[in-house]
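> the following block contains a protein sequence and its predicted model.
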Amino acid sequence: MNTKRVLGMLVTIAIVLMGAASAPAVAQDNDNMEIVREKLRADKKLLVAQNMQLSDAEGEVFWPVYDAYQEEKSKLADRHRQVIQDYAANFQALSDEVAKDLVDRSLAIKQDDVKLMTTYLPKFRQAVGEKKAARFYQIENKIDAIVNFELAANIPLAQ
């Protein structure tokens, strides 16, 4: 499977997880959402594996760190999804108070994401060295940028 196809699937699944969950008419089925989340995690891991080019020895050290990192990152995604859902629920009559809360929560998530990356960087460096740690962060940043672009394109501006 090529990298562009996997990336396309990741974006589609992420949009479903983040965007569709915010649509008021969509009934959430937790079991189905968990299946979609697991698919997203597996596809992302495949994309990372294809691009990291790890030796067996590097992989033994890298993947446990990656899994722990992704677990923490998924908690941030849950918080982000909640902000989007709260925005969708209040979009038609967005008050200043709710707008402030949403922006404050969004900024806190971004700050926590930077803290997470900073905390895990030494672990990734130790696992795979400087260049491959940099490559991993590039992959993460590209995926995040594409998902954030798609979300931004599909979420209307506050009125």
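Perfect, I can see it now.

> and residue 115, how far is that from residue 104?
From residue 115 over to residue 104 the distance is 16 Å, taken as C-beta to C-beta, to the nearest Å. Every C-beta, even on glycine, is put in place using the N, C-alpha and C of the backbone.

> for residue 137, same thing?
For residue 137, the distance to residue 104 - C-beta to C-beta - is 26 Å.

> what does residue 65 give?
Residue 65 sits at a distance of 31 Å from residue 104 (criterion: C-beta to C-beta).

> how about residue 70?
Distance, residue 70 to residue 104, using C-beta to C-beta: 26 Å.

> between those two, who's got more neighbours?
Taking other C-beta atoms under 10 Å, residue 70 and residue 104 do not tie; residue 70 has more neighbours (16 against 11).

> report the contact partners of the more buried one.
Residues near residue 70 by C-beta atoms under 8 Å, 6 or more residues apart in numbering: 41, 44-45.

> one more: residue 158?
So residue 158 contacts 87, 91, 94, 99 (C-beta under 8 Å, 6+ apart).

> mind checking the SS state of the closest residue to the third one other than its chain neighbours?
For residue 94, ignoring the flanking residues on the chain, the nearest one in space by C-beta to C-beta, 6 or more residues apart in numbering is residue 158 at 5.5 Å. When states are read from DSSP: H, G, I helix; E, B strand; the rest coil, the local structure at residue 158 comes out as coil.
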